[in-house]
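K.L.:
The sequence isn't on hand, but the structure is:
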């Protein structure tokens, strides 16, 4: 990775980190209906995953999918979070909304 792309990645990471926030699941319902909400496993850094999506790193995204470390939020999970009015961590990487139950680690 050259200095320019490394700097671009760091700038992207900083932006995504600033854009990450806790949000009530009920506010994400419309995105869930569009099947555009992706759950990130708690063993991954959500900012790393967001960078993978933003940089269109299809090989890495495919690996996370294959290892079940990311997946579309199931209807059952969505219903449970809605019933509990759960707050989760979220970041938008259009057209996706990535969510995680624990705070991403820096």
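P.N.:
Here it is on my side, so go on. Bear in mind the structure is a predicted one, so any value in this text is a computation, not a measurement. Numbers count the residues shown, from 1 in each chain.
K.L.:
can you pull out the strands in the protein?
P.N.:
21-24, 37-40, 70-72, 87-93, 96-100 (DSSP state E).
K.L.:
how near is residue 64 to residue 11?
P.N.:
Distance, residue 64 to residue 11, using C-beta to C-beta, to the nearest Å: 23 Å. Yep, even glycine has a C-beta here, placed from its N, CA and C like the rest.
K.L.:
ditto for residue 35
P.N.:
Residue 35 sits 30 Å away from residue 11, going by C-beta to C-beta.
K.L.:
how deep is residue 67 tucked in, by neighbour count?
P.N.:
Counted with other C-beta atoms under 10 Å, the burial measure for residue 67 works out to 11 neighbours.
K.L.:
Read off the pLDDT value for it.
P.N.:
Per-residue pLDDT puts residue 67 at 97.
K.L.:
Next: residue 105.
P.N.:
Reported pLDDT for residue 105: 50.
K.L.:
Which one's more surrounded, residue 64 and residue 11?
P.N.:
residue 64 (20 against 10).
K.L.:
Can you check the pLDDT for that one?
P.N.:
98.
K.L.:
Could you find the closest non-adjacent residue to it?
P.N.:
In this structure, residue 64 finds its nearest non-sequential neighbour in residue 70, 4.4 Å apart by C-beta to C-beta, 6 or more residues apart in numbering.
K.L.:
partner residues bridging that neighbour?
P.N.:
residue 40 (DSSP bridges).
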